[in-house]
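Novice: fold the following, please.
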Amino acid sequence: MTRTRDDTLEGVASRSVTTDRLETHYLESGGGTGSGGTASKHGGANSAPTVVFLHGNVSSSRFFEDILVSLPERYRAIAPDLRGYGDSETKSVDATNGLGDFGADLRALVSELDLETPFTLVGWSNGGGVAMRYAIDNPEAVDSLVLVNPLSPYGFGGTKGTDGTPCFDDFAGCGGGLGNDAFVGGLADRDRSEGGEASPRKILRTYYVAPSHTFDSEREESYLTGMLDTVTGEENYPGNATTSENWPGVAPGETGVNNAISPKYCSLEEITEIDPDEKPPVLWLRGDSDQIVSNESLFDVGTLGQMGQLPDWPGEDVFPPQPMVEQTRAVLEAYADAGGEFEEVVFGKTGHAPQIEVPGDFLNRLESVLSG
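Specialist: Reported below is the predicted structural model:
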């Protein structure tokens, strides 16, 4: 059973609902109905402009809670926990569908809550990939698309060039077999300590934000809880793996999140094929100091091999760092050439979570989209 939270910030409601796919927990605010808003199938009609926020990997709706508090009351904001995260139900992720499980879960939630469409869809990191998948499959339901340091349209790891060419035919070098064992163990043990280079708290402080960012202590504990509420294992995070004769010896398996975002199954460049009349405008927000989604991500084995952190790296020609930012830009330029439009905004001295690091700037950009 899903849980509702009793520690939400004032103005945010914690709710859960059962759809035909998943028991989903979500946070809600606004809608012009007072604190927390209402869901129309669960409390009356609501025609307020709607914005849906999708969190990233090893996180939850908690990472958008402060934004839900700060949004003007006239907007209805919904932030669900994806399957296997936060307080939502745990179900296996079928990686062979790419991000299809998450997209279908969202579609079921939208239907159950009877959300007014089209709405603004905001996706952060892996949630950006889910948002792209949802827009590809349901373009008529998305009014605007806001991508925040999003997953590359070609997935995470294992590709090179702006066209997403696989480094190896079996997509070795990405997927569930490359999770950091100490980090995964820390999540499973709900480790809240400050020790260890791979402890969840250390990863939060070092990589989720720019090195210069200092957390408010109470909010840090909430974000850490959001990370620790990640279900670990072969069917969720990071997923299973297969052996490979190619470097570094592992290739994607068929279950789990990190396989779902591998280029073997994740294909989001299809966003360029949305009918021009249905292409939502895209706002691409990113931090200039992001170490997770970048052209030299410290979570990409190509980067680690180049740095000498992984032995037997086959070299720049075979397995360079994945140019994640350049790949996203190339696909969005093709999107514009095919009748869409996009704007890229870069936040200075900002890492992977601008909604936390520069919330004022983030809100200004988001409200410019919401206000049309």
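Novice: quick check: closest non-adjacent residue to the residue of the chain most remote from its centre.
Specialist: The C-alpha centroid of the chain is most remote from D312, which lies 31.3 Å away (C-alpha atoms, centre = their mean). Nearest non-adjacent residue to D312, counting by C-beta to C-beta, 6 or more residues apart in numbering: W247, 6.1 Å away. For the C-beta atoms, the positions are set from N, CA and C on the backbone; glycine is no exception.
Novice: residues in contact with the one you found?
Specialist: F168, A172, G173, G305, D312, W313, P314, V318, F319 (C-beta atoms under 8 Å, 6 or more residues apart in numbering).
Novice: cool, and V301?
Specialist: G157, G173, C174, L178, P248, L310, F319.
Novice: so which of those wins on neighbours?
Specialist: Most neighbours among the contacts of V301, by other C-beta atoms under 10 Å: G173, with 32 neighbours.
Novice: quick one: that residue and G249 touch, right?
Specialist: No: with contact defined as C-beta atoms under 8 Å, G173 does not count as touching G249 (9.1 Å).
Novice: count the residues that sit near the residue nearest to Q306 when sequence neighbours are not counted.
Specialist: Leaving aside its chain neighbours, Q306 sits nearest to P321 (6.0 Å; criterion: C-beta to C-beta, 6+ apart). P321: 21 surrounding residues under other C-beta under 10 Å.
Novice: got the phi/psi numbers for P321?
Specialist: Dihedral angles of P321 (phi, psi; degrees, to the nearest 10) stand at phi -60, psi 140.
Novice: do E367 as well
Specialist: phi -70, psi -30.
Novice: tell me, how many neighbours does it end up with?
Specialist: For E367, using other C-beta under 10 Å, the count is 14.
Novice: ok, it - contacts?
Specialist: L71, P72.
Novice: separation between it and L151?
Specialist: 25 Å (C-beta to C-beta, to the nearest Å).
Novice: secondary structure element holding R107?
Specialist: helix 100-112 (DSSP states H and E).
Novice: can you check N57 too?
Specialist: Per DSSP H and E, there is no helix or strand for N57.
Novice: mind starting the numbering at 23 from now?
Specialist: OK, 23 is where the count begins now, so the last one is N79.
Novice: regarding E292, what is its secondary structure?
Specialist: helix (DSSP: H, G, I helix; E, B strand; the rest coil).
Novice: contacts only, for it.
Specialist: E292 touches I158, counting by C-beta under 8 Å, 6+ apart.
Novice: got it, and T325?
Specialist: E318, S319, P343, Q344.
Novice: neighbours of T277, how many?
Specialist: Around T277 there are 19 residues (other C-beta under 10 Å).
Novice: that one touches D116, doesn't it?
Specialist: Yes: T277 lies in contact with D116 (C-beta under 8 Å); the separation is 6.6 Å.
Novice: now the strands for the protein?
Specialist: 35-40, 45-52, 72-76, 98-102, 141-146, 164-170, 181-182, 187-188, 254-255, 259-260, 263-265, 272-274, 304-309, 364-369 (DSSP state E).
Novice: list the buried ones in stretch 303-322?
Specialist: Neighbour counts over stretch 303-322 (16 or more other C-beta atoms under 10 Å) mark 304-309, 311-316, 318-319, 321-322 as buried.
Novice: likewise stretch 152-162?
Specialist: V152, A153, M154, R155, Y156, A157, I158, D159, N160, P161.
Novice: quick one: which of those residues sit in helices?
Specialist: V152, A153, M154, R155, Y156, A157, I158, D159 (DSSP state H).
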